[in-house]
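when you get a sec, could you give me coordinates for this:
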Amino acid sequence: MPNSISNIRTIALVGQAGSGKTTLAECLLAKAGAVHAAGSVERGTTVCDYAPGEKQLHHSLKLAVASFESKLNGETTRIHLLDTPGYPDFAGHALPALAAVETAAIVINAQNGIEMMTTRFMQYAEKRGLDRMIIVNKIDSPTVDCEALLARIQQTFGKECLPLNLPASDRSEVRDCFFAPSGESDFSSVEEAHRRLVEQVVEVDEKLMETYLEKGEVSPEELHMPLEQAMREGHLIPVVFTSARTGAGIAELLDVIVKLLANPTEGNPPVYVSIPTGSNGDIEELTANPNPDKHALAHVFKIETDPYIGRIAVFRVHQGRMTPNMQLYVGDGRKPIKPAHLYMLRGKTQTEVQEAIPGDICAIARIEEIQFDHILHDSPDDAHLHVRPLELPVSVFGLAVMAKKRQDEQKVSDVLHKIAAEDPCFRIEHNAQTNETVMRGLGEMHLKAILDKMSSQYKIELDTHPPSVPFRETIGAKADGHSRHKKQTGGAGQFGEVFLRVEPLPRGKGFEFVNAVKGGTIPSQFIPSVEKGVRNVLETGFVAGFPLQDVRVIVYDGKTHPVDSKDVAFMSAGRKAFIDALAKAHPIVLEPIVNVEIVTPEEKMGDIAGELSAHRGQIRGSDSPRPGLLQITAQAPLSELEQFPARLKSITAGRGSYSLEFSHYEPAPPQLQQKLQAAHRPQAEAD
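Sure thing, here's the model as predicted:
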């Protein structure tokens, strides 16, 4: 087993569903000798798609880790390969892979070309500062035009997308354009591709550029360091061609991973955020040092619940070293843990190891305190450290659920929380007003997979129905509020008086509570009680019973009594003062607006446009990823899309697909506001 950081590679296979990522992983495992033969997605025998649902559906539902070793020229390289799902509904399982690797390999189906998730993953990886490469897979498909596709890639993502190899012999093999450029390709010139590659790389190194201009050539060894720099800076995005079905380009891809991709000391280091205790502390950005002799820092990017083993936490070591039975702290917890075992993963297979160093991806089991995104560290002084948060899509697609059997109610709650721990884009809400338990995900397919898992793995059946739309409330103007709470009951009384002001905040800013009391007119010990009273109203709303947001509350004055002032008095006064201010602040109902991306047969464009227009949707743009298909980008109110999945299926005869992503909240139309207020009025009067 290699014990040098320079012999570690971490790479995530990302891209649109159907691009062949799982089969590609199988071929790499087989080529390296890690498995006897490549498994099949159709037969359910792959290393990475090991869950029952994945075997049944023949596509990935979650992130899988496959660690293996590759021997080349007497040296052993440890490769941590992350296989991810490609449907947008499962982005919560795919995007965390980008927090664990140096290189994101965006896999493109050569037949389908650049698709919706291709562009998204390129953008996600660029934002994370990752090295990027493009793998054009399925080049053996009969109607593929690799030359046109390469031109489209360069047109879409820039001239820095240059081939490291090119298809040859009618796409049955590939020709190297970097290490030993020779021979003929199916298109273009291998020598010309090599020249462009060299010229792109030497641009980041002035000295090497001078050498190249003088001699007309530089060796692959001289190009290695500047190539790493070019990839790190996004100045080069290598393109390689493969066919996982025929094996074309697989050996060459493995060579590229071993010889050219960044090790943990060469990629852009992960950004940690130091958030000191106390609200006035400055947030500081730090970078981990991939040095095994430093104190340990590791990031948990995947949680999985195994029916037999329990919770499995998968993490990437960024700094220091980890060993079994070492003392570790979880996040900001003060109680240390001592994991008895340390595992490397190859799908569901766990291999015990005695050490993990920076760059390694490992797992520990049976420690319930560990959650997704936690930092594992060996010093209590690092409790304030967090990894820079992932930008995950907001879950807006919802289903209200209820156990079919009354005796399953507690079990349903327990299982939903287990699934929420595994999936950062799955969340559970309880609507007290409608008494609904709502599960929210990224789309119909996402929630269907969860319902299937609950049925097959946990033997739970649920009744479902569309949930209430998550409307919100806010204010349109500044206003002042006042309340005096005074109660005399024979003994000690209750007294508290509060003056406050409300102000609208920019959309999406949430809630701010500001203590601007001067001279102790409200003693500091009662300020939290005032805030608690205010927050009670935030949750229940004012005009239509929906949570309030984008509001700043400034408490600036009040009165107290030396004997009768109590927490309960100031909580009540704060609540009523807030209600008083809201009544004057032009309260309004906000509705959620979502981005909708629709892929439809070209001839159905008019029908889709009409359907969106009839439901207050607006088309923002369209593109043609390949002949005969249109990709439509639109925005629409979530409340108008309840029947959209069924309508899309009907219009396109099942050939259309869509994805939703939360965009923003905006004021609901006047008629809808009045309807929601009228529906809420009887309950408000009863309360």
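
go ahead and confirm residue 272 touches residue 287.
Yes: if you go by CB atoms under 8 Å, residue 272 and residue 287 touch, sitting 6.8 Å apart. Where C-beta positions appear, they are placed from N, C-alpha and C, glycine not excepted.

higher neighbour count, the two?
Counted by other CB atoms under 10 Å, residue 272 and residue 287 do not tie: residue 272 has more neighbours, with 22 against 12.

what about that one, which SS state?
Per DSSP: H, G, I helix; E, B strand; the rest coil, the local secondary structure of residue 272 is strand.

pull the number of nearby residues for residue 401.
Using other CB under 10 Å, the number of residues around residue 401 comes to 22.

also residue 617?
For residue 617, the neighbour count with other CB under 10 Å is 23.

ok, it - contacts?
Residue 617 makes contacts with 596, 611, 634-637, 640, as judged by CB atoms under 8 Å, 6 or more residues apart in numbering.

can you tell me which of those are in helices?
residue 611 (DSSP state H).

what about the contacts of residue 617, which one has the most neighbours?
The most crowded member of the contacts of residue 617, judged by other CB under 10 Å, is residue 596 (25 neighbours).

quick one: residues contacting that residue.
Contact analysis of residue 596 by CB under 8 Å, 6+ apart lists 612, 617, 632-636, 641, 644, 658-660.

same thing with residue 7?
75-78, 263.

10 Å instead, please
By CB atoms under 10 Å, 6 or more residues apart in numbering, the contact set of residue 7 is 1, 69-70, 75-79, 258, 263, 359.

want to try a markdown table for those residues, with pLDDT as columns?
Shown next, in a markdown table, are the contacts of residue 7 (pLDDT from 0 to 100):
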| residue | pLDDT |
| --- | --- |
| 1 | 44 |
| 69 | 96 |
| 70 | 95 |
| 75 | 90 |
| 76 | 94 |
| 77 | 96 |
| 78 | 97 |
| 79 | 98 |
| 258 | 96 |
| 263 | 96 |
| 359 | 96 |
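
am I right that residue 609 is in a helix?
Yes: per three-state DSSP, residue 609 lies within a helix segment.

could you find the closest non-adjacent residue to it?
For residue 609, ignoring the flanking residues on the chain, the nearest one in space by CB to CB, 6 or more residues apart in numbering is residue 619 at 6.0 Å.

neighbours around that neighbour, how many?
Neighbours around residue 619, by other CB under 10 Å: 17.

which helices and strands sit right next to the host helix or strand of residue 150?
If you go by DSSP states H and E, residue 150 is part of helix 146-157. If you count contacts as 3 or more CB pairs under 10 Å, 6 or more residues apart in numbering; DSSP states H and E, helix 146-157 packs onto strand 103-109, helix 116-127, strand 131-137, strand 161-163, strand 165-168, strand 237-241.

if we can go back for a sec, need the overlap of contacts for residue 272 and residue 287.
In contact with both residue 272 and residue 287: 318-319, using CB under 10 Å, 6+ apart.

circling back: residues in contact with the residue nearest to residue 609?
Taking CB under 10 Å, 6+ apart, one finds 596, 598, 605, 608-609, 612-613, 632-636 in contact with residue 619.

pLDDT and distance to residue 427 added to the contacts of residue 596, as a markdown table?
Conversion of these to a markdown table gives the following (pLDDT from 0 to 100; distance: CB to CB, whole Å):
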| residue | pLDDT | distance to residue 427 |
| --- | --- | --- |
| 612 | 93 | 27 |
| 617 | 93 | 25 |
| 632 | 92 | 28 |
| 633 | 93 | 25 |
| 634 | 94 | 25 |
| 635 | 95 | 22 |
| 636 | 94 | 22 |
| 641 | 88 | 19 |
| 644 | 86 | 21 |
| 658 | 85 | 21 |
| 659 | 84 | 17 |
| 660 | 84 | 15 |
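
which of the residues you listed sits closest to residue 198?
residue 633 (38.4 Å; CB to CB).

hey, what's that closest one bridged with?
On the basis of DSSP bridges, residue 633 is bridged to residue 597, residue 621.

which one, of the helices and strands packed on helix 146-157, ends up nearest to residue 666?
Going by CB to CB, the one of the helices and strands packed on helix 146-157 nearest residue 666 is helix 116-127, 23.9 Å.

how big is the angle separating the closest one from strand 237-241?
With axes from the mean of the first three to the mean of the last three CA atoms, to 10 degrees applied, the angle from helix 116-127 to strand 237-241 works out at 140 degrees.

show me what counts as buried in helix 116-127.
Residues of helix 116-127 classed as buried: 116-122, 124-125 (neighbour count, 16 or more other CB atoms under 10 Å).

of all those, which two lie farthest apart?
Among those, 116 and 125 lie farthest apart (CB to CB), at 15.4 Å.

center of this protein - which residue?
residue 392 (3.5 Å; CA atoms, centre = their mean).

where does pLDDT dip in this structure?
Where the chain drops to pLDDT under 70, the residues are 1-3, 276-282, 432-433, 489-491, 683-687.

ok, back up a step: turn the helices and strands packed on helix 146-157 into a markdown table, including distance to residue 470.
Listed next are the helices and strands packed on helix 146-157 as a markdown table, based on distance: least, CB to CB, whole Å:
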| stretch | distance to residue 470 |
| --- | --- |
| strand 103-109 | 32 |
| helix 116-127 | 24 |
| strand 131-137 | 35 |
| strand 161-163 | 40 |
| strand 165-168 | 49 |
| strand 237-241 | 39 |
